[in-house]
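1. just to be clear, the model below is a prediction. Sequence and coordinates:
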Amino acid sequence: MKRMCCVCNRVEQGGQWQANHTLPEAEPVTHGYCPECYIGAMVEIEEFIGEKALCLGAVGSPPVYGSCGQCV
């Protein structure tokens, strides 16, 4: 079974991620992240979590509404 990146569509073959790789129609495919897209996704998640943490303030303290510009 071949792995294809769900973001950039590169295909893993022999431990290497190759762009513009065509697969036979009968080839089973599973999706995941190539190393580069995985890092990008994790950065986005960390930034998202960090922004939400700023909106909520410290654990146990009341929320600081409006501090990030997205909260009401």
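-> Arrived safely, thanks for sending.
2. now Cys5: how far from Pro24?
-> 18 Å (Cβ to Cβ, to the nearest Å). The C-beta positions use only the backbone N, C-alpha and C, and glycine is treated the same way.
3. these two: which has the busier surroundings?
-> Just comparing Cys5 and Pro24: by other Cβ atoms under 10 Å the higher neighbour count belongs to Cys5, 19 against 6.
4. so what's the more buried one up against?
-> Each residue near Cys5 by Cβ atoms under 8 Å, 6 or more residues apart in numbering is listed here: Val11, Trp17, His31, Gly32, Tyr33, Cys34, Cys37.
5. now a PyMOL select for only the buried ones of these.
-> Entered in PyMOL, the line below selects the buried ones among the contacts of Cys5, by 16 or more other Cβ atoms under 10 Å:
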select buried, resi 11+17+33+34+37
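6. closest to Val43 out of the contacts of Cys5?
-> Cys37 (10.7 Å; Cβ to Cβ).
7. export the helix or strand harbouring the closest one to CSV, keeping only CA atoms.
-> Element membership of Cys37 [criterion: DSSP states H and E] is helix 35-56. In CSV, the C-alpha atoms belonging to helix 35-56 read as follows (Å, rounded to 0.1, in the frame of the first residue of the first chain):
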residue,chain,number,x,y,z
PRO,A,35,7.4,15.3,6.7
GLU,A,36,7.3,18.8,5.4
CYS,A,37,3.5,19.1,5.4
TYR,A,38,3.4,17.5,8.9
ILE,A,39,5.7,20.2,10.3
GLY,A,40,3.6,22.9,8.7
ALA,A,41,0.4,21.4,10.1
MET,A,42,1.9,21.2,13.6
VAL,A,43,3.1,24.8,13.4
GLU,A,44,-0.5,25.9,12.5
ILE,A,45,-2.0,23.9,15.3
GLU,A,46,0.5,25.3,17.8
GLU,A,47,-0.2,28.9,16.6
PHE,A,48,-4.0,28.2,16.9
ILE,A,49,-3.6,26.9,20.4
GLY,A,50,-1.4,29.7,21.4
GLU,A,51,-3.9,32.3,20.2
LYS,A,52,-6.7,30.6,22.1
ALA,A,53,-4.6,30.5,25.2
LEU,A,54,-4.0,34.2,25.0
CYS,A,55,-7.8,34.8,24.7
LEU,A,56,-8.5,32.6,27.8
